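Engineer: Below are the sequence and a predicted model; questions follow.
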Amino acid sequence: MQLRMIVATVLLIALDLAAATSARAQSVADADNAMHAMELRMRALVTARKNLQHVESLRQDPEANAARDIADAETSVFSDAVKVFTVGFIVTGIKCPEDLRFTQQQFVLVVKSFVATADTEIARINQNLPAVAATAAHAEAVSIRDLIVDLRDLLKPFAT
């Protein structure tokens, strides 16, 4: 009877260790996939911001001020995305289980910070969007907002 209990306990511990190892591996793979998806969206963000700045560079009116606010919001989000990308890159290269747990915790923290920043800046963009009337500028501003929303939605599951 005691032998069965010991064997059952050993099996449960082995299953628990196997599940923990596979969950970490899945998290690293998820982080790696997120980094690839982030890279594409970050490139698109830079392009949209540059296009918006180019379209509005010669104007000195409230529309230009709104476009600058939108570009500033994008820059703020982009800088937080770089932090997430950097920590995510570190997570994907860690081999030591203790270091991996620590970097995963840091990843969660920077993602939470990113999500908070993105929410704030999306509200700022939405507030300035009606003031951007030029068709090309409005299209770039909407593109910036949509890319930020997409990035936020991509990373939000990692914030838990």
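Structural biologist: Structure received. Quick caveat, the model's predicted, so the values are computed rather than measured.
Engineer: Name the residues that touch whichever strand or helix holds A141?
Structural biologist: Using DSSP states H and E, A141 maps to helix 135-155. If you take CB atoms under 8 Å, 6 or more residues apart in numbering as the criterion, helix 135-155 is touched by 34, 37-38, 41-42, 44-45, 48-49, 51-52, 55-56, 63, 67, 70-71, 73-74, 77, 81, 84, 111, 114-115, 118-119, 121-122, 125-126, 128-129, 132. For every residue, glycine as well, the C-beta is placed using N, CA and C.
Engineer: next one: stretch 106-119
Structural biologist: In contact with stretch 106-119 (CB under 8 Å, 6+ apart) are residues 31, 76-77, 80-81, 83-84, 87-88, 91, 148-149, 151-152, 155-156, 158-160.
Engineer: Tell me the buried residues in whichever strand or helix holds F102?
Structural biologist: Here F102 sits within helix 97-128, counting by DSSP H and E. Of all the residues in helix 97-128, those buried under the rule 16 or more other CB atoms under 10 Å are 100, 103-104, 107, 110-112, 114-115, 117-118, 121-122, 124-125, 128.
Engineer: Please report phi then psi for A133.
Structural biologist: phi -100, psi -30 (degrees, to the nearest 10).
Engineer: what about it, how many neighbours?
Structural biologist: 11 (other CB atoms under 10 Å).
Engineer: Can you tell me the element the closest residue in space to it that isn't next to it in sequence falls in?
Structural biologist: Take A133 and drop its neighbours on the chain: the residue closest to it by CB to CB, 6 or more residues apart in numbering is E63, 5.8 Å away. Element membership of E63, judged by DSSP H and E, is helix 62-93.
Engineer: Need the mean per-residue confidence for that helix.
Structural biologist: Mean pLDDT, computed over helix 62-93, is 93.
Engineer: circling back to that earlier point, what angle sits between the helix holding F102 and helix 62-93?
Structural biologist: Relative orientation of helix 97-128 versus helix 62-93 (axes from the mean of the first three to the mean of the last three CA atoms, to 10 degrees): 170 degrees.
Engineer: Quick check, V77 in contact with E121.
Structural biologist: Yes: using CB atoms under 8 Å, V77 is in contact with E121, at 5.0 Å.
Engineer: picking that back up, can you select the buried ones among the contacts of stretch 106-119 for me in PyMOL?
Structural biologist: Buried members of the contacts of stretch 106-119, defined by 16+ other CB under 10 Å, are picked up in PyMOL with:
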select buried, resi 31+76+77+80+81+83+84+87+88+91+148+151+152+155+158+159
